[in-house]
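Undergrad: below is the structure, and that's it, no one-letter string:
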């Protein structure tokens, strides 16, 4: 009968509304958590970028040419090798 069909249809739609409402609440909660995570991550990124900007000047070429840096490294390596020879007792003079 029509009344029975209407009652069943109404109950089904009520259940559907309840499920959709619960799902909406879950999704809203998940969205809130994701926004908080995003905000925290953004703060971390901002702090890292600020630190990077602070470090950048000390890492950027300080006006020393490539050849000068290579010569310094070569001298440094030679002096370290000499120190190693002295420590090994090979070059005591």
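TA: Cool, the structure landed. Since we're looking at a predicted model, the values are computed, not measured. Numbers count the residues shown, from 1 in each chain.
Undergrad: burial measure for residue 4, as a count.
TA: Per other C-beta atoms under 10 Å, the neighbour tally for residue 4 reads 8. (C-beta placed from N, C-alpha, C; glycine too.)
Undergrad: assign it to helix, strand or coil.
TA: Secondary structure, DSSP: H, G, I helix; E, B strand; the rest coil: residue 4 is helix.
Undergrad: any idea how far residue 10 is from it?
TA: To residue 10, residue 4 is 11 Å away according to C-beta to C-beta, to the nearest Å.
Undergrad: so, low pLDDT: which residues of this structure?
TA: Applying pLDDT under 70 to the chain flags residues 60-62, 91-93.
Undergrad: for it, which segments count as helices?
TA: For the chain, the helices defined by DSSP state H cover 2-59, 66-87.
Undergrad: burial count for residue 81?
TA: Count around residue 81 with other C-beta under 10 Å applied: 11.
Undergrad: please report phi then psi for residue 65.
TA: phi -70, psi 160 (degrees, to the nearest 10).
Undergrad: neighbours around it, how many?
TA: Residue 65, neighbours per other C-beta under 10 Å, totals 9.
Undergrad: next up, the contacts around it.
TA: Counting by C-beta atoms under 8 Å, 6 or more residues apart in numbering, residue 65 touches no other residue.
Undergrad: same thing but 10 Å
TA: If a contact means C-beta atoms under 10 Å, 6 or more residues apart in numbering, then residue 65 has residue 71 as its contacts.
Undergrad: from residue 1, how far off is it?
TA: 97 Å.
Undergrad: kindly report the same for residue 17.
TA: Counting by C-beta to C-beta, the gap from residue 17 to residue 1 is 24 Å.
Undergrad: kindly report the same for residue 9.
TA: Residue 9 is 12 Å from residue 1, by C-beta to C-beta.
Undergrad: which one of these two is surrounded by more residues?
TA: residue 9 (10 against 6).
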